[in-house]
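[1] Below is the sequence, then the predicted model.
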Amino acid sequence: MLKAWYSFLLCWLSLQLEANPGLKVRITQKGLDYGRRIGMELLKQEVLKETFPSWSGQESFSIVKVNYVISRLRINAVDFPESSASFIPGTGISLSVVHASATISADWKMNAWLLKDQGGITVSISGLFIAVIIEVSRDSTGRLSVLLHNCQTSINSVKVKLSGGSSWIYSFLSGSIEKPVHTKLNKNLCLNIKYKIQMMDAHLRKHKVLSQIDAFVQIDYSLVSSPAVFKSHMNLDLKGTVYPLGKHTDPPFVPAPFALPDKDDSMLYLGVSSYFLKSASLAYYKAGAFNITMSKELATTFNLNTALFKDLVPEIALSYLTACPMLLKLMATSPPVISLNADRCILQITGCVEVFAVLPYSTTQYIFAGNLTASTRVYLTITKQKLIISLLLKRLQFSLLHSILGFSEQMSLAENFLSYALQSAVIPEINDKLGKGFPLLNLAHTTLTGPVIKINPGHLVIATDVDYKRKEGGDEDLHSHS
């Protein structure tokens, strides 16, 4: 009985430790195939830049011992005609290359009793086979980690051709060098692959999981669990919490579970939960982003002045013989409420507003204050790798708190003025703050192509392909350093 309760307790604790993500990323087989093609092209470029250490050897020719040195090794050409990639459930990714070939050039020197000679060497490698399995996991800091799980290589043929020097030496060195080259390649290929994957893992460990978005907020992109690898796709669950800049206190609510659609038409599927949007709303609220004071210059630009009240609230217009700019102070009194319904996203802002007249010599005179609730429609677009949010005012409710002129019976007219001020000046300023967008990915030289946003109750899904374009002469890898 005690053992059963112990097992139950362990299961319960494991469930509590499994945090739901705020963001989800799914890489499909289509996305993996695109990554493989880009990776092969990048690999070709990197291989052609590789430098290799010299090596020396000694061979016996009759009774003479010959010492030789192979130096200045460089790869002149490489070809990967056939490659494939697939997901290994529960482990990671399998990559294979068959029928690969390469041409290597080098210099050779030999030294024997009373004999010295030198020249050039060309090594032609064909029938190269490489198969690797890369294990993916989450490290203790929430970053993606990669590890070489298995590596197999074989080479069908190595041919050596020498030039320069004495012709009788060609046959001697060719036969003596082919076997060491074949052996060294077979021995070192997996070691080199392991080293490259270790370098990739080291870079991932430097990857920023807490990214600043603007002057107000930052996003935590850390993994909440190890990647889930299936036969057709791989899922990455990210924390997806938005914090005020410089603060890292979790919000007083947790993400609800949600699922991505069972589709594979696109390379990537990105899931954005209402938790992510709610934490963004709370973070911006705490950072004061929804507290806006409309300046005298902005009021002048949009012609917001006391003359507007001539037909709306005559008592105000009559109090100012000369039209004076209007100054608005808008303060959110609680975090804006976001709701995701079928194909619709609504943001409701609750706050208070104070209205002043800007008198000559820049002094201000208080006119009235009140509470307001603004309901806005949220429009979502994708630009490059960012989710752009913009607001459109749909409805406004206003209740008067204080007024020096007493026009409570004309509240609907005051609402009209505030609606005009919000639509023409305040909402555009909020949209400008949101215009920098929320980065969904952090990949260099990569844009999302043909993204489609589907809003579901409680979450939204972005189905998209990606396009990678490396700048000429660039040497950055696929991960951004920003």
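    Noted; the coordinates are in hand.
[2] which stretches of the stretch 351-482 of the chain aren't confidently modelled?
    405-410, 413, 442, 471-482 (pLDDT under 70).
[3] mind redoing it with 90?
    355-369, 382-387, 389, 398-448, 468-482 (pLDDT under 90).
[4] can you map out the helices along it?
    Per DSSP state H, counting those that start in this stretch, the stretch 351-482 of the chain carries helices over the ranges 411-421, 427-434.
[5] In CSV, list those along with distance to T153 and mean neighbour count.
    In short, each C-beta sits where N, CA and C put it, glycine included. Listed next are those as CSV, based on distance: least, CB to CB, whole Å; neighbours: other CB atoms under 10 Å:
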stretch, distance to T153, mean neighbour count
helix 411-421, 70, 17
helix 427-434, 51, 17
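[6] To L204, which of the ones you listed lies closest?
    Proximity to L204 (CB to CB) singles out helix 427-434 among the helices of the stretch 351-482 of the chain, at 30.0 Å.
[7] Return the helix or strand in the chain with minimum mean pLDDT.
    helix 2-17 (a mean of 38; mean pLDDT, DSSP states H and E).
[8] hmm, back to that, indicate which one of the helices of the stretch 351-482 of the chain is closest to N67.
    It is, among those and with distance given as CB to CB, helix 427-434, at 70.9 Å.
[9] can you state the direction angle for that closest one and helix 411-421?
    40 degrees (axes from the mean of the first three to the mean of the last three CA atoms, to 10 degrees).
[10] Could you list every helix and strand in contact with helix 427-434?
    Helices and strands touching helix 427-434, as assessed by 3 or more CB pairs under 8 Å, 6 or more residues apart in numbering; DSSP states H and E, comprise strand 386-403.
[11] before we move on, the earlier item: any idea of the mean pLDDT in the helix or strand following the least confident helix or strand of the chain?
    Downstream of helix 2-17, the first helix or strand assigned by DSSP states H and E is strand 23-28. Mean pLDDT, strand 23-28: 96.
[12] Run through the strands of the stretch 301-450 of the chain in chain order.
    326-332, 337-341, 344-358, 364-383, 386-403, 438-439, 446-456 (DSSP state E, counting those that start in this stretch).
[13] What is the first one packed up against?
    Contact partners of strand 326-332 among helices and strands, from 3+ CB pairs under 8 Å, 6+ apart: strand 292-293, helix 296-301, strand 344-358.
[14] Take those and lay them out in TSV including distance to L460.
    Below are the helices and strands packed on strand 326-332 laid out as TSV (distance: least, CB to CB, whole Å):
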stretch	distance to L460
strand 292-293	27
helix 296-301	32
strand 344-358	7
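[15] Can you give me the neighbour number for Y285?
    20 (other CB atoms under 10 Å).
[16] My guess is it contacts P335. True?
    Yes - if you go by CB atoms under 8 Å, Y285 and P335 touch, sitting 4.1 Å apart.
[17] Kindly format the C-alpha coordinates of the strand or helix carrying K44 as CSV.
    Assessed by DSSP H and E, K44 sits inside helix 29-49. Written as CSV, here are the backbone C-alpha positions of helix 29-49 (Å, rounded to 0.1, in the frame of the first residue of the first chain):
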residue,chain,number,x,y,z
GLN,A,29,9.4,17.0,-42.5
LYS,A,30,8.9,19.8,-45.1
GLY,A,31,10.8,22.2,-42.9
LEU,A,32,13.5,19.6,-42.1
ASP,A,33,14.0,19.0,-45.8
TYR,A,34,14.4,22.7,-46.5
GLY,A,35,16.9,23.0,-43.6
ARG,A,36,18.8,20.0,-45.0
ARG,A,37,19.1,21.7,-48.5
ILE,A,38,20.3,25.0,-47.0
GLY,A,39,22.6,23.1,-44.6
MET,A,40,24.2,21.2,-47.5
GLU,A,41,24.9,24.4,-49.3
LEU,A,42,26.4,26.1,-46.2
LEU,A,43,28.4,22.9,-45.5
LYS,A,44,29.9,23.1,-49.0
GLN,A,45,31.0,26.7,-48.4
GLU,A,46,32.5,25.9,-45.0
VAL,A,47,34.3,22.8,-46.3
LEU,A,48,36.0,24.8,-49.0
LYS,A,49,37.3,27.2,-46.3
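[18] Nice, that's everything, thank you.
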